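Asks: Next input, structure requested:
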Amino acid sequence: MLTGTGSGGDRRRKGAARRVIAPLLLIVAIAAMIAYRGESSTASSAQGARLPQALPPATASVDLGATTTPLARNEWRAWKPSELSSVNRLEGVIHKHLSVVMWYSDWKQGPVSVAQLRAVSRRGSVPQITWEPWDYTKGPYSRQGEYSLRSIADGAHDAYIRSWAQRLAAYGKQIRLRFAQEMNGNWYPWSARAYGNSPAEFVAAWRHVHDLFRAAGANNVVWIWSPVAIAASIDAEEYPGDRYVDMVGLSLFNGGSQLKYGPWKSFAEKLDRPLAILRRIAPSKPVEISEVGVAERGGDKARWIREMFGTLAAHPEIVSLIWFDVPTASDWRVETSRTAERAFAVGAGSPRYR
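Replies: Reported below is the predicted structural model:
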């Protein structure tokens, strides 16, 4: 998400079968879930943490994760392992362990921090990085030609990309990489239809980066293609293809009366059309709500959260949800009110979430 502007909102970063009728099918379903979750020592090895090519069973658990303020600031101030205390505090509020911890990193920075990855792993969570090909300090709505999609596809950044791929391969455990998110908006320099870019160039850049990771043996990386939930602009021409994507995601925010996102809408109203389009584009891929938050002003935040969990229960294809617990142009945090905290804790308390 963007700072203060954009139809995606302000920044910050922002199964199939319900029961198995034969023992063989049960074994296959369990194996697929283990391969997807990738949290055992085998599944999270460099050779074993790939997602399946089919949706998990309807009874599969849902990963619950979050971004907190220190993690959202990582692009200009690398977070320290001690700052995972912000994640611990959120867990205390919602009475739930978070199985995914997400942060942001732009391409102006150096190599990925293995210390950060290990700190997240030690707490029993999967690291997820939103990896952004730009110089964050120059801000949105800037062309940033040195990071153009064409330059990425043509190999101008190969040394930097390989350094990440090699370190992530050496890390070995599962890591989720949400690369070049919200490409269907117009605020980032990698936008597929802005700043001289085209959908074909976005696909070429994505595939080039992916291929470099494969060549480096970084098979433990889960690739997340994550547009913003603006239904009219989610385009199949911007999808890199099933061979290059493991999971599809959405950024979804309800800005209420405070921000220019349109009228207050429920989670279901925000989700339904974009999700339907994702299912048409990538019907075999699991879905993540990669950034989600709701404002306090303009409606009932606690009710919105309760309804969010109710909606998720009706969509077994959604296997992961990352809450954007950061105060920016709106305060998206769960902790803005006791009623919001209780609503989230009750929803997250379902055994379906982990």
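Asks: can I get the CA coordinates of stretch 63-81 in CSV?
Replies: Output in CSV follows, covering the C-alpha atoms of stretch 63-81 (Å, rounded to 0.1, in the frame of the first residue of the first chain):
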residue,chain,number,x,y,z
ASP,A,63,-2.2,-19.3,8.3
LEU,A,64,-2.7,-16.2,10.2
GLY,A,65,0.0,-13.5,10.0
ALA,A,66,0.7,-9.9,10.4
THR,A,67,2.9,-6.9,9.6
THR,A,68,3.7,-4.6,12.5
THR,A,69,5.2,-1.1,12.5
PRO,A,70,8.9,-2.0,12.8
LEU,A,71,8.5,-4.5,10.0
ALA,A,72,6.7,-2.0,7.8
ARG,A,73,9.5,0.4,8.2
ASN,A,74,12.2,-2.0,7.1
GLU,A,75,12.8,-0.3,3.8
TRP,A,76,14.5,2.6,5.5
ARG,A,77,15.3,1.1,8.9
ALA,A,78,16.1,-2.5,9.1
TRP,A,79,14.2,-4.1,11.9
LYS,A,80,16.1,-5.9,14.7
PRO,A,81,15.2,-9.3,16.1
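Asks: Could you give me the buried positions within that stretch?
Replies: Residues of stretch 63-81 classed as buried: 63-68, 70-75, 78-79 (neighbour count, 16 or more other C-beta atoms under 10 Å). Just so you know, the C-beta spots here come from the backbone N, C-alpha and C atoms, and that holds for glycine as well.
Asks: Would you tell me which one of those comes nearest to Ser266?
Replies: Closest approach to Ser266 among these (C-beta to C-beta): Leu64, at 19.8 Å.
Asks: is the closest one in a bridge, and if so with what?
Replies: Leu321 (DSSP bridges).
Asks: That one contacts Leu321, correct?
Replies: Yes: the criterion here is C-beta atoms under 8 Å, and Leu64 meets it with Leu321 at 5.9 Å.
Asks: Please enumerate the helices of this structure.
Replies: 23-37, 69-72, 85-94, 114-122, 149-153, 158-171, 199-215, 267-281, 301-313, 338-348 (DSSP state H).
Asks: For the third one, what is the distance to the chain centroid?
Replies: The one in question is helix 85-94. Taking C-alpha atoms, centre = their mean, to the nearest Å, the mean C-alpha location of helix 85-94 is offset from the chain mean by 19 Å.
Asks: what does the shortest one give?
Replies: Distance, stretch centre to chain centre, for helix 69-72: 15 Å (C-alpha atoms, centre = their mean).
Asks: Then stretch 88-97?
Replies: For stretch 88-97, the distance to the chain centre is 20 Å (C-alpha atoms, centre = their mean).
Asks: Distance check, Ala119 against Leu71.
Replies: 11 Å (C-beta to C-beta, to the nearest Å).
Asks: Work out which residue lies at the spatial centre of the protein.
Replies: The centroid of the chain falls nearest to Ser290 when counting by C-alpha atoms, centre = their mean (3.2 Å).
Asks: shouldn't that residue be in contact with Phe179?
Replies: No: in this structure Ser290 lies outside contact range of Phe179 using C-beta under 8 Å: 11.4 Å.
Asks: tell me, what's touching the two both at once?
Replies: Jointly contacting Ser290 and Phe179 under the rule C-beta atoms under 8 Å, 6 or more residues apart in numbering are Ile224.
Asks: So the nearest residue to Arg167 once chain neighbours are set aside versus Val245, what's the distance?
Replies: Nearest-residue entry for Arg167: Val112, 5.1 Å, with adjacent residues in sequence omitted and distances by C-beta to C-beta, 6 or more residues apart in numbering. As judged by C-beta to C-beta, Val112 and Val245 stand 20 Å apart.
Asks: Where does pLDDT dip in the chain?
Replies: 1-60, 231, 261 (pLDDT under 70).
Asks: buried set for stretch 144-154?
Replies: Buried-residue list, stretch 144-154, by 16+ other C-beta under 10 Å: 144, 147-149, 151-153.
Asks: what's it in contact with?
Replies: If you take C-beta under 8 Å, 6+ apart as the criterion, stretch 144-154 is touched by 107, 133-135, 138, 156-157, 189-190, 192, 195-198, 201-202, 204-205, 207-209.
Asks: Return a ChimeraX selection command for the buried portion of these.
Replies: The following ChimeraX line selects those of those that are buried, judged by 16+ other C-beta under 10 Å:
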select :107,133,134,135,157,189,190,192,195,197,201,202,204,205,208,209
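Asks: measure stretch 226-237 end to end?
Replies: 14 Å (C-alpha to C-alpha, to the nearest Å).
Asks: same check, this time on stretch 114-132
Replies: In stretch 114-132, first residue to last residue: 18 Å (C-alpha to C-alpha).
Asks: Could you do stretch 320-333 as well?
Replies: Distance across stretch 320-333, first residue to last, is 18 Å (C-alpha to C-alpha).
Asks: Any buried residues in that stretch, and which?
Replies: 320-326, 328-333.
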